[in-house]
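Chemist: The following block contains a protein sequence and its predicted model.
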Amino acid sequence: CGMVLTHLNVHPGECIAVKGTVPPDAKSFALNMGRAGSDLALHFNPRFESHGDTCIIICNSLQGGEWGEEQREPDFPFQLGQDAKICISFNDQELTVAVALPGEQQLKFPNRLGLEAIEFFSVEGDFRVKSIKFK
Ligand SMILES: C=CCO[C@@H]1O[C@H](CO)[C@@H](O[C@@H]2O[C@H](CO)[C@H](O)[C@H](OCc3cn(Cc4cccc(/C=C/CN=C(N)N)c4)nn3)[C@H]2O)[C@H](O)[C@H]1NC(C)=O
């Protein structure tokens with residue numbers, strides 16, 4: 001039910017810079033990127049309180065509609081009610097998610113799909129996008 005961008009053709013070395021706000025009552029949001037909604041190199045899912053998880057970032061891939069093995073990141077830079085700036089880039093080895101607001105944190109996730117271009121990008125759940133820039 002969130003924003004969906006397609007036909008993006010983002011290549012290694014370029015980045016997707018998303019700015020937005022986390023609502024004060026947020027439970028969870030997700031940034032998804034890859035070839036299509038069912039073919040994600042990265043599902044980046046900060047959980048404030050969801051699925052029994054509290055303040056943890058879940059990363060995973062989705063191939064042909066099947067989830068891979070979760071990567072669970074306890075370093076949690078997001079704060080309820082605060083703005084956030086998230087820059088996503090990738091190469092043949094990994095995807096990098098740099099959270100520049102609040103704080104400064106980088107998170108890496110293997111490029112399991114061997115993705116060569118990010119065509120699809122979506123935002124789901126409790127995150128109000130203010131701007132998206134392609135750099
Ligand atoms: C312990 C039992 C077995 O283990 C659990 O098994 C679950 C099912 O596999 C995993 O959960 C799954 O994990 C996946 C990643 O791996 C995806 O995140 C998936 O969600 C897909 C999905 C996305 N979307 C859209 C969306 C995304 C974010 C927020 C909202 C809406 C927020 C509404 N806002 C409110 N209410 N304020 C909506 N919906 N579903 C989630 O179901 C758990 O992690 C896992 N837990 C552990 C500890 O292992």
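Modeler: It's in. Remember, it's a predicted structure, so these values are computed and weren't measured experimentally.
Chemist: so what's the residue in the chain that the ligand sits nearest to bridging to?
Modeler: With distances taken as CB to the nearest ligand atom, the chain approaches the ligand most closely at residue 125, which sits 2.4 Å away. From N, CA and C alone the C-beta is placed, and that goes for glycine too. Beta-bridge partners for residue 125, by DSSP bridges, are residue 29.
Chemist: wait, it sits on residue 3?
Modeler: No - counting by CB atoms under 8 Å, residue 3 is not a contact partner of residue 125; they are 11.1 Å apart.
Chemist: who's more crowded, these two?
Modeler: The residue with more neighbours, out of residue 125 and residue 3, is residue 125; 17 against 13, by other CB atoms under 10 Å.
Chemist: what residues are up against the more buried one?
Modeler: Counting by CB atoms under 8 Å, 6 or more residues apart in numbering, residue 125 touches 2, 26-30.
Chemist: I'd like the residues you listed written out as JSON lines, with distance to residue 67 and pLDDT added.
Modeler: Below are the contacts of residue 125 laid out as JSON lines (distance: CB to CB, whole Å; pLDDT from 0 to 100):
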{"residue": "2", "distance to residue 67": "19", "pLDDT": "90"}
{"residue": "26", "distance to residue 67": "22", "pLDDT": "98"}
{"residue": "27", "distance to residue 67": "20", "pLDDT": "98"}
{"residue": "28", "distance to residue 67": "16", "pLDDT": "98"}
{"residue": "29", "distance to residue 67": "17", "pLDDT": "98"}
{"residue": "30", "distance to residue 67": "12", "pLDDT": "98"}
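Chemist: Show me which pair in those residues is furthest apart.
Modeler: Farthest-apart pair in the contacts of residue 125 is 2 and 27; separation 14.0 Å (CB to CB).
Chemist: tell me which residues of stretch 20-37 are tucked away?
Modeler: Within stretch 20-37, the residues that count as buried by 16 or more other CB atoms under 10 Å are 20, 22, 26, 28-35.
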